[in-house]
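Enquirer: test case, fold it:
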Amino acid sequence: MNNFVILPILIPLMTGIILIFVNKYTKTSRVISLISTILTVIVSLSLVNQVYHNGIQTLNLGDWDAPFGIVLVADMLASLLVTTGSIVVLACTIYSFKNIGKEREAFFYYAAVQFLMVGVLGAFLTGDLFNLFVFFEVMLMASYVLIVHGGTKPQLRESIKYILVNVISSALFVIAVAYLYAVTGTVNMADLSTKISQLGQPGIVTVISILFLVVFGLKGAIFPLFFWLPGSYNAPPTPITALFGALLTKVGVYSIIRTFTIIFYHDTGFTHTLIGILAGFTILVGVIGAVAYWDVKQIIIYNILTAVGVILVGVATLTPTSLTGSIYYLIHDMIIKAALFLLVGAMIVITGTSNLKKMGGLINHHPYLGWMFFIATISLAGIPPFSGFIGKLLIVKGSLAAEHYALVAAILISSLLVLYSVMKIFINGFWGEAKLRKEEEKGTTKGLLFPITLLLSLSIALGFGAEWFYPYISQAAQDLTDPSIYVQAVLKE
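Expert: Residues are numbered from 1 along each chain as shown. Sure thing, here's the model as predicted:
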């Protein structure tokens, strides 16, 4: 056992509680949030190092052995996502200092962000399905606070749809867990893997697996369950949208990866074929929306759907190479989506609008912002040697080996349309003649560029330093392709 595993959950939990009592003191809240999040990043990096050198780390809470007690499991996939998630929260927290507004800051904003982090990181680290549900609910309760934070009319309108969808998905989640427990007698993921393997995944378990796919598909916004996402993510302020876009849908995607590689991997002819079909349609819907809109936030929001589809292609093909690509692309997308939302947020601060047709020539007065957006654009589209290219290349390579040619075509065509959609922002928003003189700008980017630089630097490192990152991601994929590694680490068999 390793008590270190619980620290990425414990630190933001204690910080959130403390921030509730000091929320009226804005500067104090900022300092506490910053120090706590930096500490979480350091702990997460240390956890990655431990897993890399010593294998999967586990913690049996209350000293009850798995599968009877609650277990936290830090394999390489969970550790990498915990680290990436905490870095995204750090960047969004720093961005919030200058963008979210003092009224929101004084109304439990930083506490809600910390509790959101508890739910997200806890979902990555939990070793059983029921506690995955618990951490989902912690994450969702914090997101309910954040989506209405500030109380503007669009936020209140979209929050009704957002809450309704998530209440329904949570009810379905409990039902799915109950059905699976009735069939197998356990909710521990490692124990489920063993028992379903012994049963050979009978038809009833396959039906239950589809119910889980519906639940996680609602949370991950896969086709046709994405309808809530464009409006809900467009309503809140920029830092909250960045947190949602980078983290919340990725928790749903992570849950699909985890359950359909560790638990439901025996009837791939049905389940994974279905995942592949849904992934293809998700890519299609994403690129159509991204190309159609002239609202900068909506363009990035629809690109979330495209990325979700690309990641799930790797899960559908279920080859070691494609799974490695899915993990690489998942980490890349968490970072680059957060950076892009913060970038378009800075554009909105300058111009006072999200309508691309009312922007132009921003690079004349803001060259650093403009070229950062250009780098983020080519990274998102998968132009070599940036990180998006490496993830997509591995997914395509694995999919070709599995003869999933239609999905490969969808990925390649979508890459061109994604590039078009974000280059549309760069050409119309930054290039050409400036529509606003410097003195006519609605706000300043002071304090907003550093967190964006932090995320883009990490994205560039993930691309140019792929040789250094690849062994960690390859180890994560190995744990998924051979579930016995995970089972032995958790059950000590």
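
Enquirer: name the SS class of D65, please.
Expert: Under DSSP: H, G, I helix; E, B strand; the rest coil, D65 falls in the coil class.

Enquirer: now do the contacts for it.
Expert: The neighbours of D65, taking Cβ atoms under 8 Å, 6 or more residues apart in numbering as the test, are K492. In short, each C-beta sits where N, CA and C put it, glycine included.

Enquirer: before we move on, what about the one 5 residues further on?
Expert: Contact criterion Cβ under 8 Å, 6+ apart gives 60-62, 64, 127-128, 131 as the residues in contact with I70.

Enquirer: same check, this time on I20
Expert: 108, 111.

Enquirer: which SS class is it?
Expert: helix.

Enquirer: now it: how far from G85?
Expert: 22 Å (Cβ to Cβ, to the nearest Å).

Enquirer: show me the helices in the stretch 151-300 of the chain, by range?
Expert: Under the criterion DSSP state H, counting those that start in this stretch, the stretch 151-300 of the chain contains helices at 153-184, 189-199, 203-220, 229-234, 238-243, 249-262, 271-292, 296-317.

Enquirer: mean pLDDT for the ones you listed: which is lowest?
Expert: Mean pLDDT is lowest for helix 229-234 out of those, coming in at a mean of 88.

Enquirer: for that one, give me every contacting residue.
Expert: 147, 154, 158-159, 161-162, 221, 241, 244-245, 249, 289, 295, 297-298, 301-302, 304-305.

Enquirer: just the buried residues of those residues.
Expert: Taking 16 or more other Cβ atoms under 10 Å as the criterion, what is buried in the contacts of helix 229-234 is 147, 158-159, 162, 221, 241, 244-245, 249, 289, 295, 297-298, 301-302, 304-305.

Enquirer: related to what we said a few turns ago, what's the closest of the helices of the stretch 151-300 of the chain to K98?
Expert: Nearest to K98, of all those, is helix 238-243, at 9.8 Å by Cβ to Cβ.

Enquirer: sort out which residues of stretch 92-106 are buried, please.
Expert: Neighbour-count burial for stretch 92-106 [16+ other Cβ under 10 Å]: 92-100, 104-105.

Enquirer: from those residues, which land in helices?
Expert: Those of the buried residues of stretch 92-106 mapping onto helices are 92-99, 104-105, per DSSP state H.

Enquirer: need the worst-confidence member of the contacts of I70.
Expert: G62 (79).

Enquirer: the closest residue to that one other than its chain neighbours: helix or strand, and which one exactly?
Expert: Of all residues not flanking G62 in the chain, G69 sits nearest, at 5.7 Å (Cβ to Cβ, 6 or more residues apart in numbering). Following DSSP states H and E, there is no helix or strand that holds G69.

Enquirer: got the contact list for G69?
Expert: Taking Cβ under 8 Å, 6+ apart as the contact definition, G69 lies against 60-63.

Enquirer: now swap in V296 and tell me
Expert: V296 makes contact with 344, 347-348, 354-356, 359, 425, 429, according to Cβ under 8 Å, 6+ apart.

Enquirer: closest to A489 out of these?
Expert: Among these, V344 lies closest to A489 (Cβ to Cβ), at 41.5 Å.

Enquirer: find me the pLDDT at that closest one, would you?
Expert: For V344, pLDDT reads 95.

Enquirer: so it: helix, strand or coil?
Expert: Applying three-state DSSP: V344 is helix.

Enquirer: in this structure it contacts I425, no?
Expert: Yes - counting by Cβ atoms under 8 Å, V344 does reach I425; the two are 7.2 Å apart.

Enquirer: and those two? Which one has more around it.
Expert: V344 (27 against 21; other Cβ atoms under 10 Å).

Enquirer: excluding its backbone neighbours, what's nearest the more buried one?
Expert: V296 (4.3 Å).

Enquirer: quick one: buried residues of stretch 146-157?
Expert: Residues of stretch 146-157 classed as buried: 146-150, 155 (neighbour count, 16+ other Cβ under 10 Å).

Enquirer: which single one of these is nearest to L225?
Expert: Using Cβ to Cβ, those come closest to L225 at I147, 18.0 Å.

Enquirer: contacting residues for the closest one?
Expert: Here I147 is in contact with 155, 158-159, 162, 232, 235-236, 240, 244 (Cβ under 8 Å, 6+ apart).

Enquirer: distance check, it against Y472.
Expert: Taking Cβ to Cβ, one finds I147 at 33 Å from Y472.

Enquirer: now M189
Expert: 21 Å.

Enquirer: how about stretch 54-73 as PDB, C-alpha atoms only?
Expert: Coordinates of the C-alpha atoms in stretch 54-73 are reproduced here as PDB (Å, rounded to 0.1, in the frame of the first residue of the first chain):
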ATOM      1  CA  ASN A  54       7.800   0.600  -9.000                       C
ATOM      2  CA  GLY A  55       4.700  -0.400 -10.900                       C
ATOM      3  CA  ILE A  56       1.000   0.200 -10.100                       C
ATOM      4  CA  GLN A  57       0.500   1.800  -6.600                       C
ATOM      5  CA  THR A  58      -2.600   1.000  -4.500                       C
ATOM      6  CA  LEU A  59      -4.200   2.100  -1.300                       C
ATOM      7  CA  ASN A  60      -6.800   0.000   0.600                       C
ATOM      8  CA  LEU A  61      -8.800   2.600   2.600                       C
ATOM      9  CA  GLY A  62      -9.600   1.500   6.200                       C
ATOM     10  CA  ASP A  63      -7.100  -1.400   5.700                       C
ATOM     11  CA  TRP A  64      -9.800  -3.500   4.100                       C
ATOM     12  CA  ASP A  65      -8.300  -5.700   1.300                       C
ATOM     13  CA  ALA A  66      -9.700  -5.500  -2.200                       C
ATOM     14  CA  PRO A  67     -12.200  -6.400  -3.400                       C
ATOM     15  CA  PHE A  68     -14.100  -6.000  -0.100                       C
ATOM     16  CA  GLY A  69     -12.900  -2.500   0.800                       C
ATOM     17  CA  ILE A  70     -12.500   0.800  -1.100                       C
ATOM     18  CA  VAL A  71      -9.300   0.800  -3.100                       C
ATOM     19  CA  LEU A  72      -7.500   3.700  -4.900                       C
ATOM     20  CA  VAL A  73      -5.400   2.600  -7.800                       C
END
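
Enquirer: quick one: buried residues of that stretch?
Expert: Neighbour-count burial for stretch 54-73 [16+ other Cβ under 10 Å]: 56-60, 66-67, 70-73.

Enquirer: what packs against the host helix or strand of F115?
Expert: Using DSSP H and E, F115 maps to helix 109-125. Under the contact criterion of 3 or more Cβ pairs under 8 Å, 6 or more residues apart in numbering; DSSP states H and E, helix 109-125 touches helix 7-21, helix 26-54, strand 71-74, helix 76-99, helix 129-147, helix 249-262.

Enquirer: roughly how far out does the helix or strand that the longest one is followed by sit from the chain middle?
Expert: Going down the chain from helix 26-54, the next helix or strand is strand 57-60, by DSSP H and E. With Cα atoms, centre = their mean, to the nearest Å as the basis, the distance from the averaged C-alpha position of strand 57-60 to the chain average is 24 Å.

Enquirer: Provide the contact partners of strand 57-60 at residue level.
Expert: 1-6, 47, 50-51, 66, 69-74, 127, 489-490.
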